[in-house]
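1. Model the structure of this input:
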Amino acid sequence: MDIRNFQAGTYEKLYEYRAFRPEPICREWIISDPELSDILGRADRALGELNAFGQLIPDINFFITMYVAKEATESSRIEGTQTNIEDAFKNSDDLDPEERNDWKEVQNYIMAIKSAIKEMETLPLSSRLLRQTHVTLLDGVRGEHKQPGEFRTSQNWIGVSLKNAVFVPPHHTHVPDLMSDLERFLHSEEIFVHPLIRIAIGHYQFETIHPFLDGNGRLGRLMISLYLASKKLLDKPVLYLSDYFERNKTEYIDHLMAVRQGNHLREWLVFFLHGVEETARASTCAFRKILEIKQRIECEVLPRFNTRRQDNALRFMKQIYARPVISVGEAAKALDISTNTASTLISDMISYGVLTEITGQRRNRLFLFHDYLDVFR
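-> Next up, the predicted model:
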């Protein structure tokens, strides 16, 4: 089907409301639009450049933790949480009680990404994997009593009430077939669809099906990252779109609704692909800044430590690339050194401009790797 001829679906009359039933998407999709083809090419090249650049980064897995934390923070922020990326690296006890629920949602998202990527070593991106990941997302947070890990068996909606909803997804009896169709579409080798077009359409369809009673937004955005990882479009999972969606939240929601209401699939694809290109180039730029910070510290800071302390200083730097908010106790445990040694090491890092103390307390102090964290703000 040519994308220009796309028909999103039909409204089904049910008791006192109408639900939107999307058309199946597992079919060949043809792009005859030169402008859309050009945008797809640019997004594809930006991904390739990011992938190539990422392979030049030593110890890249330390830095990936930051990308995951940023994705978790921004995706949760779309749902209304207030946790920032700095808070994501704190322990629950370091936060005010009213901040802990939001923090827990972000921690769940981080755990969900890591565990799902690990699971994909033996399990394909599938309804089964999405259900498993959904359990992790909702563990101990709002929505925990809304059938985590199970496709819904009742009607849901977006808005203040079912009767006055902004959008009503398909009746729950259609969910299993629609999710099976989506899964086939993501993996079918019998049809040719560029992977970026496939996941753009797949994400739209997932959000339209809204297969769970809660957590659909977070899981739908996470699915994009899992798909890119599963198809090896990137050797390392360093492209996450939630920051782009959060900064353009109104457009993001409007484009999804415009597909359902007016069949405007092309405009959604343009928006999505522009986000891939912009995010990939921003990630490449972030890697360059990280390398500059790393090189500056290695040339200007680490040589200030005598030979006996060089190893601890080097290991400490690796640690804070993965966890840029740290306490003396955490540093001592991570490096297997005494508290006094860790305290002296951190004091030196403060004096050399690497760390900043952020709590203003005499005890239970936290220290921030500020230049590095600013790259991801």
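
2. For the protein, which helix or strand comes out least confident on mean pLDDT?
-> Lowest mean confidence among the helices and strands of the chain (mean pLDDT, DSSP states H and E): helix 60-78, at a mean of 86.

3. What helices and strands are in contact with that one?
-> On a contact count with 3 or more CB pairs under 8 Å, 6 or more residues apart in numbering; DSSP states H and E, helix 60-78 meets helix 85-88, helix 100-119, helix 216-230, helix 242-247, helix 265-300, helix 307-322. The way it works is simple: take the backbone N, C-alpha and C, and place the C-beta from them, glycine included.

4. Now render the ones you listed as JSON lines, adding mean pLDDT, distance to residue 32 and mean neighbour count.
-> Listed next are the helices and strands packed on helix 60-78 as JSON lines, based on pLDDT from 0 to 100; distance: least, CB to CB, whole Å; neighbours: other CB atoms under 10 Å:
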{"stretch": "helix 85-88", "mean pLDDT": "89", "distance to residue 32": "42", "mean neighbour count": "20"}
{"stretch": "helix 100-119", "mean pLDDT": "91", "distance to residue 32": "35", "mean neighbour count": "20"}
{"stretch": "helix 216-230", "mean pLDDT": "92", "distance to residue 32": "25", "mean neighbour count": "23"}
{"stretch": "helix 242-247", "mean pLDDT": "94", "distance to residue 32": "27", "mean neighbour count": "20"}
{"stretch": "helix 265-300", "mean pLDDT": "95", "distance to residue 32": "11", "mean neighbour count": "18"}
{"stretch": "helix 307-322", "mean pLDDT": "92", "distance to residue 32": "46", "mean neighbour count": "16"}
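
5. To residue 169, which of those lies closest?
-> Smallest distance to residue 169 across the helices and strands packed on helix 60-78 (CB to CB): 8.5 Å, for helix 216-230.

6. what's that closest one in contact with?
-> 71, 75-76, 78-79, 109, 112-113, 116-117, 120, 124-125, 129-130, 133-134, 137, 186, 195, 198-199, 202-203, 206-207, 210, 212, 234, 237, 239-242, 245 (CB atoms under 8 Å, 6 or more residues apart in numbering).

7. between it and helix 100-119, how big is the angle?
-> Orientation check (axes from the mean of the first three to the mean of the last three CA atoms, to 10 degrees): helix 216-230 against helix 100-119 gives 30 degrees.

8. Compute the inter-axis angle for helix 216-230 and helix 60-78.
-> Going by the same axes, to 10 degrees, helix 216-230 makes 160 degrees with helix 60-78.

9. what about dumping the CA coordinates of helix 216-230 to CSV?
-> Extracted as CSV, the C-alpha positions of helix 216-230 are listed here (Å, rounded to 0.1, in the frame of the first residue of the first chain):
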residue,chain,number,x,y,z
ASN,A,216,1.1,2.3,27.5
GLY,A,217,3.0,5.5,26.8
ARG,A,218,6.1,4.5,28.6
LEU,A,219,6.1,1.0,27.2
GLY,A,220,5.4,2.3,23.7
ARG,A,221,8.4,4.6,23.8
LEU,A,222,10.6,1.9,25.3
MET,A,223,9.5,-0.4,22.4
ILE,A,224,11.2,2.0,19.9
SER,A,225,14.6,1.6,21.7
LEU,A,226,14.1,-2.2,22.0
TYR,A,227,13.3,-2.5,18.3
LEU,A,228,16.4,-0.5,17.2
ALA,A,229,18.5,-2.8,19.5
SER,A,230,16.9,-6.0,18.2
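
10. which residue is nearest the centroid of the protein?
-> Centroid-nearest residue in the chain, with CA atoms, centre = their mean: residue 71, separated by 3.5 Å.

11. unless I'm mixing things up, that residue is touching residue 246, no?
-> No: the criterion here is CB atoms under 8 Å, and residue 71 misses it with residue 246 at 10.2 Å.

12. hmm, who's touching stretch 124-134?
-> 112, 115-116, 119-120, 123, 148-151, 179-180, 183, 186-187, 212, 215, 219, 222-223, 226-227, 230.

13. So for it, mean pLDDT?
-> Per-residue pLDDT over stretch 124-134 has a mean of 95.

14. do stretch 336-353 as well
-> Rounded mean pLDDT across stretch 336-353 is 96.

15. Now do that stretch: distance to the chain's middle.
-> Counting by CA atoms, centre = their mean, to the nearest Å, stretch 336-353 is centred 33 Å from the centre of its parent chain.

16. Give me the buried positions along that stretch.
-> 337, 342-343, 345-346, 348-349 (16 or more other CB atoms under 10 Å).

17. what do you get for stretch 250-263?
-> 252-260, 263.

18. chain center to it: distance?
-> On CA atoms, centre = their mean, the centre of stretch 250-263 falls 21 Å from the chain's centre.

19. what do you get for stretch 273-289?
-> 14 Å.

20. Got the domain ranges for this structure?
-> 3-285, 307-374 (automatic domain parsing).

21. I'd like these written out as a markdown table, with distance to residue 297 added.
-> Formatted as a markdown table, the domains of the chain follow (distance: least, CB to CB, whole Å):
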| stretch | distance to residue 297 |
| --- | --- |
| domain 3-285 | 13 |
| domain 307-374 | 6 |
